[in-house]
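[1] Predicted model, plus sequence, below.
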Amino acid sequence: MTHALLGRKLEMMQLFDDDGNVLPVTVVEAGPCPVVQVKTKEKDGYQAFQIAFEPRKKNIKKPQRGHFRKAKVAPHKHLREVRLADDAEVPVAVGQELNIKMFEPGDVIDVIGTTKGK
């Protein structure tokens, strides 16, 4: 099953383990991410779902406002599409909210980040 979340890096900090070793830790605000659109192979030619992050009240353009209204989701700042394999089943529905509760302790995750370029 494909899981995906959007998040924002908040800070770096240190934690100490039982032996007194310092562990660097990145604190990330991940989710909640509502599903805005589900794309199917029959209608769109490929399978994917679109998730949103960071609610926003101002400066929403009319086409985006209509896109969110159709999904019955509040407007958000970021929209990303998660593409699925052609034979995979779409694991989510429009309006469903994804959060970190879908992961279990010990799960291996892949984190991708972009820098500001400073």
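    On my side now, so go ahead.

[2] Need the pLDDT of the residue lying closest to Met12 once chain neighbours are set aside.
    In this structure, Met12 finds its nearest non-sequential neighbour in Thr26, 5.7 Å apart by Cβ to Cβ, 6 or more residues apart in numbering. Heads up, the C-betas are built off the backbone N, CA and C, glycines and all. According to the prediction, Thr26 has pLDDT 90.

[3] which other helices and strands contact the one helix or strand Thr26 maps to?
    Secondary structure from DSSP states H and E places Thr26 in strand 22-30. For strand 22-30, the elements it packs on are strand 7-16, judged by 3 or more Cβ pairs under 8 Å, 6 or more residues apart in numbering; DSSP states H and E.

[4] Who does the strand it packs on pair with, and is each partner parallel or antiparallel?
    strand 22-30 (antiparallel) (DSSP bridges).

[5] what's the nearest residue in space to Lys72 that is not next to it in sequence in contact with, if anything?
    Leaving aside its sequence neighbours, Lys72 sits nearest to Gly95 (Cβ to Cβ, 6+ apart; 5.7 Å). By Cβ atoms under 8 Å, 6 or more residues apart in numbering, Gly95 lies in contact with 34-35, 71-73.
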